[in-house]
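Asker: Need a 3D model of the following:
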Amino acid sequence: MVDNKIYEKMKCDINDRWSHIPHNLLPIDEIDITVLCMLRNDARISNKEIAEALGISEATVRRRIKNLIEKNIILGFSVLINVPAIENSIKSYIELKVDQSKIDEVAKRLSLNPWIIAIYRINGEYDLLLEALFISMKEMQDFMDNDLKLEGIEKISTNVVTKGYKINKWYGL
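Answerer: Predicted structure coming up:
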């Protein structure tokens, strides 16, 4: 019988997401998914703790984690930072219409900007979607006035997040 505290570490959003997909279509099995959840919930959890919770050997856990890394399923281990505890961030989604011949160049230049946390190529009226965190409205306006004056950007639409209903756990916003 697994105690409730350990059981909660074994569950996560990826477990829920992949529970609807037949596991034979995934390159990992239920044990791998549980290991991923446990690491996602606490990257500092020991292989021994994972092994005990799953009723498998520590060597098996080590081997599975090594395989997940080799398959590029685990890209690294990190710390989840509660950004709002440090700063009062303003989260924005900025859509850009870009000259088709300049999309890669614009995306590359913008990816160097510290305010931008993600850049996506999208379909529809706009070509790029920027996800950004600013410290203040002034910082956001300075970014709009200066950093988005790149050759190839034809149109800009900005949306400021005012409330989150299902938030990105990695940014706490």
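Asker: From now on I want contacts and neighbour counts done on CA atoms only, so please keep to that.
Answerer: Noted.
Asker: what's the spacing between Asn159 and Val98?
Answerer: Look at Asn159 and Val98: by Cα to Cα, to the nearest Å, they are 18 Å apart.
Asker: let me fix that: Glu30
Answerer: Glu30 is 43 Å from Val98, where distance means Cα to Cα.
Asker: do the same with Val61
Answerer: Using Cα to Cα, one obtains 47 Å as the distance from Val61 to Val98.
Asker: ranges for the strands of this protein?
Answerer: For the chain, the strands defined by DSSP state E occupy 90-98, 116-121, 128-134, 153-160.
Asker: Turn those strands into TSV, columns for mean pLDDT and distance to Ser57.
Answerer: Shown next, in TSV, are the strands of the chain (pLDDT from 0 to 100; distance: least, Cα to Cα, whole Å):
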stretch	mean pLDDT	distance to Ser57
strand 90-98	96	44
strand 116-121	96	39
strand 128-134	95	42
strand 153-160	97	49
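Asker: among those, which is nearest Ile167?
Answerer: strand 90-98 (11.3 Å; Cα to Cα).
Asker: Just want the angle from that closest one to strand 116-121.
Answerer: Counting by axes from the mean of the first three to the mean of the last three Cα atoms, to 10 degrees, strand 90-98 lies at 30 degrees to strand 116-121.
Asker: who does strand 90-98 touch, helix- and strand-wise?
Answerer: In terms of contacts (3 or more Cα pairs under 8 Å, 6 or more residues apart in numbering; DSSP states H and E), strand 90-98 is packed against strand 128-134, strand 153-160.
Asker: if you compare the ones you listed, which one is most tucked away?
Answerer: Most buried of these, by mean neighbour count (mean count of other Cα atoms under 10 Å): strand 128-134, with a mean of 21.
Asker: so it versus strand 90-98, what angle?
Answerer: Calculated by the same axes, to 10 degrees, strand 128-134 forms an angle of 150 degrees with strand 90-98.
Asker: Quick check: neighbours of strand 128-134 in the sheet, parallel or antiparallel?
Answerer: Note on strand 128-134: by DSSP bridges, its sheet partners are strand 90-98 (antiparallel), strand 116-121 (antiparallel).
Asker: Distance from the chain centre to that strand, please.
Answerer: Mean-position distance between strand 128-134 and its chain equals 13 Å (Cα atoms, centre = their mean, to the nearest Å).
Asker: which residues are contacting that strand?
Answerer: For strand 128-134, the external contacting residues (Cα atoms under 8 Å, 6 or more residues apart in numbering) are 89-98, 103, 107, 115-122, 140.
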